[in-house]
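1. 3D, please:
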Amino acid sequence: MFIETCIAPVNIALIKYWGKRDEELILPINDSLSMTLSTDEMCAKTTTAAAASFNRHIMWLNGEEVSLEENARAMCCLNELQRLAIAKGQLKFPIEWKLHIASHNNFPTAAGLASSAAGYACLVYTLAHLYGVEDEELTAIARQGSGSACRSLHGGFVRWHMGKLKNGRDSIALPIAPEHHWPEMHVLILVVNDGRKKTSSTKGMQRSVQTSDLIAYRAKQCVPERTVALVDAIESRDFQKLAEITMRDSNQFHAIALDTYPPCVYMNDVSHAIVEFVHAYNAAVGETKLAYTFDGGPNACIYLLEKDVSAALAAIQLSFPNDAAQSVEYVKGIPVERERKENNGFNGNATFPINEQNLLKYIIHTRIGKGPQRVDKAESLLDLTHGLPIEN
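-> Residues are numbered from 1 along each chain as shown. Below you'll find the predicted structure:
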């Protein structure tokens with residue numbers, strides 16, 4: 001048996017990918033730009049195994065068996081990697097051998113937290129190690145599984161170039177700056193709802209491209225200008241510039257979702273309350289210290305610098321009171337030295353809107369991070385002797 005296990009990160013877009021010009025190849029109508037999050041707090045883990053004794057391809061997603069052959073996108077990624085391995089003469093075992101694949105996310109799936117990006121990036125990266133493929137084409141392969149997965153194959157800040165070629169060979173993700181360029185970048189993820197969203201991103205994009213009057217203007221006019229400005233902000237570590245661009249792009253993305261017919265509604269009342277809080281916080285402190293962005297779901301990703309985490313978290317807990325606030329399960333991830341709620345960094349001189357109790361399910365504190373990594377066999381999700389999932 002040949003077996004490999006890898007982990008891959010979540011990435012959250014500062015400039016959103018929304019809309020495809022080619023559904024089959026997953027070619028976007030605009031560039032996008034993201035920050036990769038640390039795998040210490042959020043990641044997908046995948047184990048792939050090949051053996052002569054396996055009689056069919058089997059995949060287990062978060063413990064549930066699914067048919068690999070019936071997953072067209074996963075099979076596309078597998079076929080592309082096999083093609084590369086054959087072309088480069090790097091096969092370690094017969095191409096006919098069947099695979100067992102187990103994948104697990106340590107965060108909610110299909111809830112607007114980029115689970116498909118991490119999942120497909122991890123699948124492609126792990127299969128590449130299994131087949132002995134090291135190639136710059138990996139981001140183009142991951143893109144065909146889930147568009148934003150290509151960005152999760154790099155750490156730090158990443159730009160997905162939309163490309164111009166019809167075959168998609170130039171639609172690839174490239175790093176802008178590594179994680180150590182701006183290590184102070186942190187994220188607070190405010191989980192409003194970790195259930196499956198009503199309208200998938202795939203269906204939402206299709207509907208937006210077909211019906212939104214605003215989407216073409218954003219792709220042609222707004223995104224190119226914002227991308228140039230955001231790259232400059234990253235290179236110069238200008239947080240206030242990064243924050244404004246990020247929030248404006250998030251707002252515009254959701255405006256397009258509402259301009260879609262029938263509309264796609266991803267944010268809810270709690271999401272809008274978080275937006276109100278962020279602007280109130282920035283006004284209170286006299287500068288932009290927090291930046292929100294929302295993907296295709298109600299959960300907020302709040303970008304901020306490490307030095308501001310403690311005060312911001314105290315203010316969040318004041319504005320969004322929760323019975324579980326003192327529980328170790330409420331604020332997950334990187335430990336935070338908490339300030340007293342009544343202090344929250346403003347010595348009582350700032351007031352924030354006080355929302356209803358228990359609107360947030362939990363908070364994840366994480367930071368900028370590396371790309372995918374190969375891990376030790378001891379972390380395998382499959383038994384090393386028979387290739388079946390390990391019972392927890």
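2. what's the domain layout of the chain?
-> Domain assignment for the chain by automatic domain parsing gives 2-179+372-379, 185-367.
3. return the most buried member of those.
-> When the domains of the chain are scored by mean count of other C-beta atoms under 10 Å, the highest mean neighbour count falls to domain 2-179+372-379 (a mean of 20). Every residue, glycine included, has its C-beta placed from N, CA and C.
4. my guess is residue 364 is in a helix, correct?
-> No - assignment of residue 364 by DSSP: H, G, I helix; E, B strand; the rest coil gives strand, placing it outside any helix.
5. report the contact partners of it.
-> Residues near residue 364 by C-beta atoms under 8 Å, 6 or more residues apart in numbering: 41, 42, 107, 187, 188, 189, 191, 332, 333.
6. in a markdown table: the residues you listed, plus pLDDT and secondary structure.
-> Output for the contacts of residue 364, formatted as a markdown table (pLDDT from 0 to 100; DSSP: H, G, I helix; E, B strand; the rest coil):
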| residue | pLDDT | secondary structure |
| --- | --- | --- |
| 41 | 93 | coil |
| 42 | 93 | coil |
| 107 | 75 | coil |
| 187 | 98 | strand |
| 188 | 97 | strand |
| 189 | 95 | strand |
| 191 | 94 | strand |
| 332 | 93 | strand |
| 333 | 94 | strand |
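7. packing partners for the host helix or strand of residue 4?
-> Assigned by DSSP states H and E, residue 4 falls within strand 2-9. When contacts are defined as 3 or more C-beta pairs under 8 Å, 6 or more residues apart in numbering; DSSP states H and E, strand 2-9 sits against strand 43-51, helix 115-131, strand 373-374.
8. to residue 30, which of those lies closest?
-> Nearest to residue 30 among the helices and strands packed on strand 2-9 is helix 115-131; the distance by C-beta to C-beta comes to 16.8 Å.
9. quick one: list the elements packing against the closest one.
-> With contacts taken as 3+ C-beta pairs under 8 Å, 6+ apart, helix 115-131 sits against strand 2-9, strand 43-51, helix 72-87, strand 98-105, helix 138-143.
10. pull up the pairing partners for the first one, direction included.
-> I take that to be strand 2-9. Applying DSSP bridges, strand 2-9 is found paired with strand 43-51 (antiparallel), strand 373-374 (antiparallel).
11. okay if I get those strands as JSON lines plus mean pLDDT?
-> What follows is those, written out as JSON lines (pLDDT from 0 to 100):
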{"stretch": "strand 43-51", "mean pLDDT": "97"}
{"stretch": "strand 373-374", "mean pLDDT": "97"}
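12. redo those strands as TSV? Include distance to residue 265.
-> Listed next are the strands paired with strand 2-9 as TSV, based on distance: least, C-beta to C-beta, whole Å:
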stretch	distance to residue 265
strand 43-51	27
strand 373-374	37
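13. ok, now which ones touch residue 351?
-> Residue 351 sits next to residue 284 when contact means C-beta under 8 Å, 6+ apart.
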